[in-house]
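K.L.:
Based on what follows, work out the 3D shape:
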Amino acid sequence: MRRKGAGIGAVSKDRLQKAKFEKKGTEIADAQLSQLTTHLEQFKTHLERFASKHKNEIRKDPEFRNRFQQMCARSGVDPLASSKGFWAEMLGVGDFYYELGVQIVEVCMATRDRNGGLISLEELWQRLKGSRRMKHNQEI
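P.N.:
Model (predicted):
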C-alpha cells in the first residue's frame, strides 16, 4: 500500500502547486485592478461630460446642484474635496469661490449639532468674515 503525501516528491509537488496558485492569484488581482482603473477613468470622463453639459444648471439651480452633489456623494466623489483645478475649470469657479464654498460647508458642518446645518446668512457671514481674516487676511 502506497502512502500519499509523504516524501520529498510530495513536498516539492505541494510547493509547486502553491507557487502556481500564488501566480494565478496575482494575475487575477492585476486583471481586476486594471479593470477597476479603466472603470474609474470612464466614470471620471462621464462625470466631467455631465458637469460640462449641465454647468449652468449646476451653478444656477440650487435643487439641481443639490442633486448633482448627492449623485457625487453616492458614487464616492466629493466635488469640493476633489482636485481643485478640475472643478474650477469644469464649473467655472476660481480659487476664491472654491475656498469660500469649502469654508461655507465647514461652517455649516461645525454648527450642524446646534442648527441642523441650516444657518442664517447673517451668522454665516459673521463666521466667514472672522475666519477669512484669520486665514487669508481677506474680506468677503
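K.L.:
can you pull out the helices in the protein?
P.N.:
8-53, 55-60, 62-74, 84-91, 95-110, 112-115, 121-136 (DSSP state H).
K.L.:
Could you tell me the least trusted of those?
P.N.:
Within these, the stretch with the lowest mean pLDDT is helix 84-91, showing a mean of 60.
K.L.:
residues in contact with M109?
P.N.:
With contact set as Cβ atoms under 8 Å, 6 or more residues apart in numbering, M109 has these partners: G117. (Glycine included, C-beta is placed from N, CA and C.)
K.L.:
repeat for the one 3 residues further on
P.N.:
Remark: with contacts taken as Cβ under 8 Å, 6+ apart, R112 is in contact with nothing.
K.L.:
For E106, see how far away it is.
P.N.:
11 Å (Cβ to Cβ, to the nearest Å).
K.L.:
Any idea how far apart the tips of stretch 102-118 sit?
P.N.:
15 Å (Cα to Cα, to the nearest Å).
K.L.:
How far off centre is it?
P.N.:
A distance of 20 Å separates the centroid of the chain from that of stretch 102-118, by Cα atoms, centre = their mean, to the nearest Å.
K.L.:
Name the residues of that stretch that are buried.
P.N.:
Q103, I104, V107, C108, T111 (16 or more other Cβ atoms under 10 Å).
K.L.:
would CSV of these with distance to H39 be doable?
P.N.:
Shown next, in CSV, are these (distance: Cβ to Cβ, whole Å):
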residue, distance to H39
Q103, 33
I104, 32
V107, 36
C108, 33
T111, 38
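K.L.:
For G76, state which of those residues is nearest.
P.N.:
C108 (20.9 Å; Cβ to Cβ).
K.L.:
Chain neighbours aside, what residue packs nearest to the closest one?
P.N.:
G117 (4.6 Å; Cβ to Cβ, 6 or more residues apart in numbering).
K.L.:
I'd like the distance from that neighbour to C72, if you could.
P.N.:
18 Å.
K.L.:
Also L16?
P.N.:
Counting by Cβ to Cβ, the gap from L16 to C72 is 49 Å.
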